[in-house]
Structures are given as structure tokens and as C-alpha cells.
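Colleague: quick one, what's the 3D model for this:
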Amino acid sequence: MKLSSKWLVFTLVAIAQFMVVLDTAITIVALPAIKAQLHFTNSSLQWVVTAYALTFGGFLLLGGRAADLFGRRRTLLTGMIAFTTFSFLIGISQSGTLLIILRALQGMSAALMSPSALSIVLTTFRDGPDRNKALAYWTLVATGGAAVGLLLGGALTQYVGWRWNFFINVPVGVVIAAAIAKFVPIHAREEKYTGLDLAGAALVTTSLIGLVFAFSEAASWGWLSPSIMGIIGGSLVLMAAFILNESRARHPLMPLSIFKIRNVSGANLIMAPIYATILGMFFLVTLYIQTVLNFSPIKAGLAFLPMPIVLGLMSTQIPKLVARYSFKRFLVLGPSFVALGLAWLTRLPVHGDYVANILPALLLIPTGMGMTFMPLIAAATSGVPGREAGLASGLITTSQQMGGALGLSILSGVAASVTAASARLGKTAALVHGFDRALAVGMLFIVFAVILAMAIIRQPNKPQAQETNSSTEEQREKARKLRVATEM
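Modeller: A predicted model of the protein is given here:
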């Protein structure tokens, strides 16, 4: 495939991925408007975001496996058609309960799209500088989409209504699906067997739903209440059953052998706490900006504008640095910048100022994100055979989304618990105190990710750029020897 054709394919599947990421963030800034119109309570409101992230993460392994078994383009298009349809239905929904159900179905559709799209990128660009560049742009789409979503969501919510946050997916989905059908090559199935491990999918998804539900209700039921402990215990039993099923299944959803690749295991362990904090941070800071600083939706969206700008600048530079120095040092340095930004946010005051209390963090955090996500995806997918490209793609995105769903439930639960316990301070002061403590927990998640990177990630012997040059020199030497032999 010509390089120009490769980048056309990349552009189309990147737009599909942008839709998936955008739909998490674009909803966050609209939450106050959705709450008012559909009469959500404070405890149920987070499920507008969590339902999507939960089913998205819970079915990603199934989506990644489906891409390997049924063909990547077919799986991507199936997901896009469903995603577009559910977006329209959400836009016309009149019930909070129905909206949450449709958001869950939309997340399942996204689970077919995301690993298919990333595995198309991985098989289109082989190891080397072009893949590093593609993964850097992919990182910009995957992480910058969240910040852009807040800005776009604010504008749509304020000027045309929150329903257009979902209606906007319809024309984009139709056009991009048609373009993908025309320009993205059909990818053959990687394996002859076409069965899916539905038992494994049911076990892992039910387990994760139980954990998220427990953390979501812990603030009102009590963190150590028998009900919460029972749900968490049952979820862990289901997770153990999932692992047992995968070890015995003839065609498992998640072949455990993939975790023998040390960097794959490490990258997935690191992704979960990082994205847990990032999604929780977006949720809490957006609520702080709108409910405490009294920003309008559009002003709240503009407040996050520095993030995609800084992230874009970092993402264009990181591939060159990774090619030169490899990825381990960036998986330590990047999260450290994120932790510094979180530390700044743990001091949010009642009478806050955007420039003094928010902006420094919105410069530090995307700097760290830009250093982290491209090397993290590179570590999670390098050395994986082509027949498991969809699995590896689904696995790292699963770690991201399930980390996000669990992180949002944990951080919002901590915020709610601290707020309730601090009622004597007054309504606003108690709310802000809850935000501060929850963001401090997020900072600890990031510190844990740094420790994991230092302990688990293995530095390749040679940076990729040197390996590529070495390989090229070997090929040239072989060609020279062949010419000499022929002439003799």
C-alpha cells in the first residue's frame, strides 16, 4: 500500500476513534443540563458517563477478538452503524432510565469500533518510524478528543441544547462509514475459527459492572457495609471464574499467553490507574468549574482549551524522542508530570480563580499525557503477532476504559463521602473539600503507575530508530554480498 493511501486509511479510522472518545467527554459538560431536564439525582447522574464507559470497557476484549475472527473492516463498520443509530435514539430520549440504557448500548457499539480501528492502524503501519508517528497521532486523537469534547459539548449545550451532543454523531457516522467502506481495504480473518467466547465475555463484564456499582453506591451505603463487601466479593469471584475459563477454553476471549510478553502486561497495568485518574479529573473539575466558579457550559469548555493545544505539541515531538531513547523513561517522566498537575488541583478553594487554581494543572497534565500515551500503546502492542493485533488493541483499550469507569466511580464516591462528612463546613465548602480529597486519591493512582513503570517495563536493548537503521544496514550488506556472488 502506498504511503499516501496508508495515511488516508489512518485518517478515516482515526475519525471513527475520535467519535468514540468524544462521546465520553462531550457528555460530561452537558451533565448539569441533562440532570435538570431528565430529573436525575446526584447519585444517578454519573451513570450517564459510567454506563457508556462500563459497557465500552466490558466488551472491548470481545470486540478485539471479533476483529481478528471476522475481519477488522467488517467489525468496525458494524460498530459504526450501531453507534450512529444509538446516538440518534439518545438524542430523542425523554427518560433518564432509557438514556442510561441507550448509553450502555452505545458503549457496546464503541467496543466494536475502537479495537478494530487501532488494529487496522497496527497492521497498516509496521514497526518503525511510520508506526511511531501514526501512534503519536492516534494518541492525540484518543486523548485530545476528551479535551475537544468538553469544548464542543459546552458550545452545543449552551447554544442548541444537550441533545445535539448526540445528534452530531449521525451525519459524521454516515459519511465516515461510507468512506471506510470505500477506501479501507478488506482485512482477511486472522483465524479460521469464528466462534466467540461468550461465557468469558459475560463473566468479565458482569464482574466489572459489579465493581463499578459497588464503588458508585459506597458513599451512600457505607464503604465497609456488608452489602458493598458482598458485591465486591462476588465481583472478584466472577473475575477469578473468568481467568479460569480463559485458561481452559479452547478459543478464549483473552489468551493468557499474551501476558507472557512483559511489556504488554506492564503497559496494561499502568494504563488502568492513569486513565482512572484522567476521567475522574475531567468529571470533578468540570463540576467544580460549573457549580463553584459558576462558569457557563461554553465557558467551561473553553477553560479546557489549553489541554489539546499542549497535548498536540507534545504528541508531535514524542515519536522522535521515543525512537531515540525508547519508551521506558517517558512512562516514568510523563505520569510524574500528571501527578504534579493533580497535586496542584488538590488545593482547590471555595473562592477559586481559574488562572491561579486551574490553569497550571491544565498545562502540566497534558504535558504528561503527551509523554505517556504513545509510548504506552507502543509498549502494549510491540512484539504481538498479527493474529493477535486485535486482541492487543482491545486489551490496552479495555484497561483504559475499565480503569476510567472504576476510577470515575471511586473518585466520585470519595468526593461524595467526604462531602457528606463535611456538611458542617457549609454546602459549597463541603463540596469543594470532597473534590480536593478525591483528586488526592487520583494523584496516588498516578504515583502507583510511576512505580509500576519503574518496576515492570523493560527497556529494549536498542532504541527503535537504531534497530531500524541496523536492520536496513544488514539488508544492504546482504544485497551487496549477493551482487558480488552473482558477478563472480
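Colleague: verify the stated contact: Leu8 with Phe183.
Modeller: Yes. Under the criterion of Cβ atoms under 8 Å, Leu8 makes contact with Phe183 at 5.8 Å. Quick note: C-beta positions are derived from backbone N, CA and C, even for glycine.
Colleague: the more surrounded of these two?
Modeller: Using other Cβ atoms under 10 Å as the criterion, Leu8 and Phe183 rank with Leu8 on top: 15 against 12.
Colleague: host element of the more buried one?
Modeller: helix 3-28 (DSSP states H and E).
Colleague: just Ile228 next, same as before
Modeller: Secondary structure assigned from DSSP H and E places Ile228 in helix 226-248.
Colleague: buried residues in that helix?
Modeller: By neighbour count on 16 or more other Cβ atoms under 10 Å, the buried set for helix 226-248 is Ile228, Ile231, Ile232, Ser235, Leu238, Met239, Ala241, Phe242, Asn245, Glu246.
Colleague: quick one, what contacts the first one?
Modeller: Spelled out, it's Ile228. By Cβ atoms under 8 Å, 6 or more residues apart in numbering, Ile228 lies in contact with Ala214, Glu217, Ala218, Trp221, Gly222.
Colleague: redo the residues you listed as TSV? Include secondary structure.
Modeller: Formatted as TSV, these follow (DSSP: H, G, I helix; E, B strand; the rest coil):
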residue	secondary structure
Ala214	helix
Glu217	helix
Ala218	helix
Trp221	helix
Gly222	coil
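Colleague: among these, name the buried ones.
Modeller: Buried members of the contacts of Ile228, scored by 16+ other Cβ under 10 Å, are Ala214, Glu217, Ala218.
Colleague: between the buried residues of helix 226-248, which is closest to Ala420?
Modeller: Nearest to Ala420, judged by Cβ to Cβ, of those is Ile228 at 15.3 Å.
Colleague: one step back: how far away from the center of its chain is the helix holding Leu8?
Modeller: Computed by Cα atoms, centre = their mean, to the nearest Å, the chain-centroid distance of helix 3-28 equals 13 Å.
Colleague: can you check stretch 61-76 too?
Modeller: Put simply, stretch 61-76 sits 18 Å off its chain's centre (Cα atoms, centre = their mean).
Colleague: related to what we said a few turns ago, okay, buried residues for the helix or strand immediately after the helix holding Ile228 in the chain please.
Modeller: For helix 226-248, the following helix or strand on the C-terminal side (DSSP H and E) is helix 262-287. Neighbour-count burial for helix 262-287 flags 263-287 (criterion: 16+ other Cβ under 10 Å).
Colleague: and helix 262-287, how far out from the chain middle?
Modeller: So, by Cα atoms, centre = their mean, the centroid of helix 262-287 is 8 Å from its chain's centroid.
Colleague: packing partners for the helix or strand following it?
Modeller: Next helix or strand after helix 262-287 toward the C-terminus (DSSP H and E): helix 297-303. Packing partners of helix 297-303 (3 or more Cβ pairs under 8 Å, 6 or more residues apart in numbering; DSSP states H and E): helix 129-159.
Colleague: outside of the next helix or strand after the helix it packs on itself, list whatever touches it.
Modeller: For helix 129-159, the following helix or strand on the C-terminal side (DSSP H and E) is helix 164-167. Residues from elsewhere that reach helix 164-167, judged by Cβ under 8 Å, 6+ apart: Asp23, Ile26, Thr27, Ala30, Ser87, Phe88, Ile90, Gly91, Leu152, Gly153, Leu156, Thr157.
Colleague: at 7 Å instead, please
Modeller: By Cβ atoms under 7 Å, 6 or more residues apart in numbering, the surrounding residues in contact with helix 164-167 are Ile26, Thr27, Ala30, Ser87, Phe88, Ile90, Gly91, Gly153, Leu156, Thr157.
Colleague: residues near Gly173, how many?
Modeller: The local packing of Gly173 (other Cβ under 10 Å) involves 23 other residues.
Colleague: measure it to Asn268 for me?
Modeller: Here Gly173 is placed at a distance of 29 Å from Asn268 (Cβ to Cβ, to the nearest Å).
Colleague: for Ile92, give me the pLDDT.
Modeller: Ile92 is assigned 94 on the pLDDT scale.
Colleague: neighbours of the nearest residue to it once chain neighbours are set aside, how many?
Modeller: Nearest non-adjacent residue to Ile92, counting by Cβ to Cβ, 6 or more residues apart in numbering: Arg163, 7.4 Å away. Residues contacting Arg163 under the criterion other Cβ under 10 Å number 19.
Colleague: shouldn't Arg163 be in contact with Gly91?
Modeller: Yes. Judged on Cβ atoms under 7 Å, Arg163 makes contact with Gly91 at a distance of 4.4 Å.
Colleague: any stretches of the stretch 151-300 of the chain with poor pLDDT?
Modeller: Scanning the stretch 151-300 of the chain for pLDDT under 70 picks out 187-195.
Colleague: and if you look at the stretch 301-450 of the chain?
Modeller: 383, 385-390, 394.
Colleague: let me see the ranges of the helices in it.
Modeller: Along the stretch 301-450 of the chain, the stretches classed as helices by DSSP state H, counting those that start in this stretch are 306-325, 328-345, 359-381, 389-421, 427-456.
Colleague: what packs against the longest one?
Modeller: Using 3 or more Cβ pairs under 7 Å, 6 or more residues apart in numbering; DSSP states H and E as the contact criterion, the neighbours of helix 389-421 among helices and strands are helix 47-58, helix 60-70, helix 96-124, helix 198-221, helix 262-287, helix 359-381, helix 427-456.
Colleague: check this protein and tell me which residue is nearest its centre.
Modeller: For the chain, the residue nearest the mean C-alpha position is Gln400 (4.2 Å; Cα atoms, centre = their mean).
Colleague: OK, contacts around the nearest residue to it once chain neighbours are set aside?
Modeller: Distances taken as Cβ to Cβ, 6+ apart put Tyr275 closest to Gln400, at 4.5 Å, once the chain neighbours are dropped. Tyr275 makes contact with Gln400, Gly403, Gly404, Gly407, according to Cβ under 7 Å, 6+ apart.
Colleague: try it again at 10 Å.
Modeller: 53, 57, 143, 146, 369, 373, 376, 397, 399-408, 445, 449 (Cβ atoms under 10 Å, 6 or more residues apart in numbering).
Colleague: now swap in Gly234 and tell me
Modeller: Thr206, Ser207, Gly210, Leu211, Ala214 are the contacts of Gly234 under Cβ under 10 Å, 6+ apart.
Colleague: how about a cut-off of 8 Å?
Modeller: Gly210.
Colleague: ok, the spatially closest residue to Phe337 that is not a sequence neighbour - how many residues close by?
Modeller: Distances taken as Cβ to Cβ, 6+ apart put Gly368 closest to Phe337, at 3.0 Å, once the chain neighbours are dropped. Neighbours of Gly368 under the rule other Cβ under 10 Å: 26.
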